[in-house]
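S.K.: sequence first, then the predicted structure:
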Amino acid sequence: MDGEFDYVIVGAGSAGCVLAHQLGADPTLRILLIEAGGSDRRLFVQMPLGYGKLFHDPAVNWNYHAEPDPGLLGQSDHWPRGKLLGGSSSINAMVWIRGHRGDYDDWRAAGNPGWGWDDVLPAFKAMEDFSGGADAWRGVGGPLHIAANRRHAHPLVQPFLDACGTVGLAQNPDFNGAAQDGVGPYQLTVKGGRRNSAARAFLRPAMARGNVVVLTRAQVTGLTFAGRRATGVTYRRAGRSLTATARREVILSGGAINSPQLLMLSGIGPGAHLQAMGLPVRVDNANVGAHLNDHQGLNYTWRMRVPTLNDILRPWWGKLWVGAQWLFARSGPLAVSINHAGGFVSTDPGRSRPNMQLYMQAFSTLLPRAGERPVLSPDPFPGFSIGLSNCRPTSRGWLQLASPDPLAAPRITANAFATPEDRAEMLAAVKLIRRIAAAPPLSGLIAEELRPGPAVVSDAALTMDFQRRSGTVYHPSCTARMGPDPATAVVDPLLRVHGVEGLRVIDASAFATLPGGNTNAPAMLMGWKGAELIRAGG
Ligand SMILES: Cc1cc2nc3c(=O)[nH]c(=O)nc-3n(C[C@H](O)[C@H](O)[C@H](O)COP(=O)(O)OP(=O)(O)OC[C@H]3O[C@@H](n4cnc5c(N)ncnc54)[C@H](O)[C@@H]3O)c2cc1C
């Protein structure tokens with residue numbers, strides 16, 4: 001479809017769907033949303049625990065691989081990113097975390113007015129429909145349903161929380177409420193036992209209004225310009241090259257890998273690198289693709305003396321039972337995330353914000369299966385895992401083009417655990433995990449530690465283990481970060497790309513820094529606030 005619209009949005013992910021919904025509330029606007037992937041009407045997308053099946057599925061996933069990383073002992077990490085309506089919110093683990101209030105105050109302090117905690121709290125409240133009810137921090141009646149997830153708690157959640165209490169960690173019933181610190185149940189973007197992605201919560205209602213046109217299986221390959229002004233996009237669909245024109249603005253919502261890639265392909269990025277790729281330089285900005293910020297994490301795993309989800313998810317009769325529970329009642333283990341509970345903790349008491357996130361999983365997947373994360377066919381023994389990831393790593397990676405071909409994957413350098421601080425806090429954190437497992441009542445339920453195993457004890461061995469087994473927890477961001485100064489940022493506080501007109505980046509790439517916690521909520525916030533900024537004429 002060649003055509004002319006007021007706004008052309010690239011990418012129907014977490015931010016793009018929210019943006020289309022909020023901008024499209026003005027019926028006088030015509031909006032085109034272009035998505036490289038296809039529909040989200042798929043069984044394993046709608047079924048919350050189907051998540052493991054989406055991990056490597058090229059039908060819904062860009063399946064990126066990072067460069068071999070010294071911090072991960074030379075391994076090349078798998079980087080899944082959603083490639084379908086809803087983007088990564090259609091393949092993610094559905095944990096709903098806004099981040100620490102101090103993270104947003106950092107954004108404002110970095111020269112981004114309108115992005116402090118007091119500024120973003122009303123947006124978070126307005127977008128959500130929280131099943132736990134409204135209060136000073138939480139909202140009801142918004143488009144996005146968030147399940148408080150108190151009903152389906154696995155029997156091992158309470159012993160886990162009690163063991164955390166034994167080692168002095170506070171309980172917190174709502175990480176998105178008054179404070180983030182402590183341990184408790186995770187809230188989920190799940191509604192009626194089905195994944196509540198950005199596509200379901202925002203895009204479908206937006207499409208029903210009639211002024212938002214969605215084009216699937218169409219990959220944007222570049223931007224068109226008239227002088228300094230972005231005027232539209234070129235894209236490929238069904239083997240054809242097409243263009244779409246934006247009367248007002250082009251908005252990149254392709255996520256933290258693809259948005260900076262598109263900027264570079266269009267001549268906005270590090271000048272020398274673009275020249276080396278044979279691309280003309282429109283705006284020389286070294287920050288495009290730089291500052292790649294991501295959380296790294298791993299699991300500790302035990303064999304239990306009591307049944308876990310492994311015992312019901314693995315055998316055929318169990319599969320039949322949980323399948324029937326989900327099909328007929330939208331309940332049971334398939335209706336929730338693999339992460340039942342978790343928390344935000346500090347590895348030393350001097351910190352003003354927690355620096356580690358925990359994930360409790362009443363199951364284990366030590367035995368690999370080709371092409372999937374075997375969530376639906378876990379290990380053949382009662383397994384239990386505690387995952388952990390860093391909240392505010394100091395290591396930074398970067399993205400570059402591997403080729404000027406817009407259909408080729410970019411080169412991702414994670415640069416994990418590159419700083420002594422990141423290694424030291426992870427070492428302290430894995431020791432904390434062992435203290436939790438050794439604390440009653442959890443300790444009495446554990447038969448033996450399986451990963452890394454009791455032989456791994458010294459600091460050197462523990463460090464080697466976490467570097468060997470860690471990987472992305474799928475929160476890449478900041479690759480087109482916001483800030484007032486083009487010398488250090490890509491977009492201004494109104495999310496407009498420095499150095500050109502008519503072009504914004506509205507997704508996780510534009511985070512000023514990576515919030516401590518999962519990134520779906522902050523990415524949706526970008527869409528919500530971005531629409532406000534556009535509609536206010538900024
Ligand atoms: C496996 C996994 C598990 C996760 N678990 C959680 C979790 O439990 N909780 C949480 O809060 N966060 C989680 N996250 C992270 C979170 O989902 C993402 O940070 C968030 O969805 C990013 O939103 P976005 O809008 O920036 O990008 P995305 O949602 O990734 O959207 C980008 C969209 O743009 C499209 N696109 C890209 N390039 C083009 C192009 N050239 N042309 C057309 N379309 C294009 C993509 O196909 C995609 O649909 C997880 C992520 C993954 C991958």
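M.R.: Done, it's in.
S.K.: ok, and the closest non-adjacent residue to Ser364?
M.R.: Excluding its sequence neighbours, the residue lying closest to Ser364 (Cβ to Cβ, 6 or more residues apart in numbering) is Gly383, at 2.5 Å. All C-beta atoms are positioned from the backbone trio N, CA, C, and that covers glycine.
S.K.: does the one you found touch Phe363 like I think?
M.R.: Yes: using Cβ atoms under 8 Å, Gly383 is in contact with Phe363, at 5.8 Å.
S.K.: okay, and the common contacts of these two?
M.R.: Common neighbours of Gly383 and Phe363, using Cβ atoms under 8 Å, 6 or more residues apart in numbering, are 308, 310.
S.K.: close to the ligand, is the longest strand belonging to the chain?
M.R.: Looking across the chain with DSSP state E, the single longest strand is strand 240-252. No: Strand 240-252 lies out of reach of the ligand by Cβ under 6 Å from any ligand atom, never closer than 8.4 Å.
S.K.: of all the residues in that strand, which ones are buried?
M.R.: Within strand 240-252, the residues that count as buried by 16 or more other Cβ atoms under 10 Å are 242-244, 246, 249-252.
S.K.: in the residues you listed, find the pair that's most separated.
M.R.: Farthest pair in the buried residues of strand 240-252 (Cβ to Cβ) is Leu242 and Glu249. Separation: 19.2 Å.
S.K.: give me the spatial nearest neighbour of the residue of the stretch 51-200 of the chain found nearest the ligand, chain neighbours excluded.
M.R.: Residue of the stretch 51-200 of the chain nearest the ligand, by Cβ to the nearest ligand atom: Gly87 (2.5 Å). Leaving out its chain neighbours, the residue that sits closest to Gly87 by Cβ to Cβ, 6+ apart is Gly13, at 2.2 Å.
S.K.: how many residues are close by that neighbour?
M.R.: Gly13: 36 surrounding residues under other Cβ atoms under 10 Å.
S.K.: isn't it up against Asn92?
M.R.: No: assessed by Cβ under 8 Å, Gly13 is found out of contact with Asn92, at 10.3 Å.
S.K.: between the two, which contacts overlap?
M.R.: Gly82.
S.K.: ok so, going back, and the pLDDT at the residue nearest to Gly87?
M.R.: pLDDT, Gly13: 98.
S.K.: list the contacts of it.
M.R.: Contacts of Gly13 by Cβ under 8 Å, 6+ apart are 82, 86-89, 198, 253-255, 507, 523.
S.K.: repeat for Gly255
M.R.: 11, 13, 81-82, 87-88, 507-509 are the contacts of Gly255 under Cβ under 8 Å, 6+ apart.
S.K.: then Asp311?
M.R.: 318, 382.
S.K.: which element is it on?
M.R.: Using DSSP states H and E, Asp311 sits in helix 309-313.
S.K.: centre of the chain to that helix, how far?
M.R.: Offset of helix 309-313 from its chain centre (Cα atoms, centre = their mean, to the nearest Å): 27 Å.
S.K.: check stretch 248-257 too.
M.R.: Here stretch 248-257 is found 16 Å from its chain centre; the criterion is Cα atoms, centre = their mean.
S.K.: kindly report the same for stretch 221-235.
M.R.: Distance of stretch 221-235 from the chain centroid (Cα atoms, centre = their mean) equals 28 Å.
S.K.: tell me the residues on the stretch 351-500 of the chain that lie near the ligand, please.
M.R.: Checking the stretch 351-500 of the chain against the ligand by Cβ under 6 Å from any ligand atom, the hits are 474-475.
S.K.: could I get the full set of strands for the stretch 351-500 of the chain?
M.R.: Listed in chain order, the strands of the stretch 351-500 of the chain (DSSP state E, counting those that start in this stretch) span residues 356-361, 383-390, 398-400, 411-413, 446-451, 471-472.
S.K.: okay, angle between the first one and strand 383-390 too, please.
M.R.: To tie it back to what came earlier, the one meant is strand 356-361. Counting by axes from the mean of the first three to the mean of the last three Cα atoms, to 10 degrees, strand 356-361 points 160 degrees away from the direction of strand 383-390.
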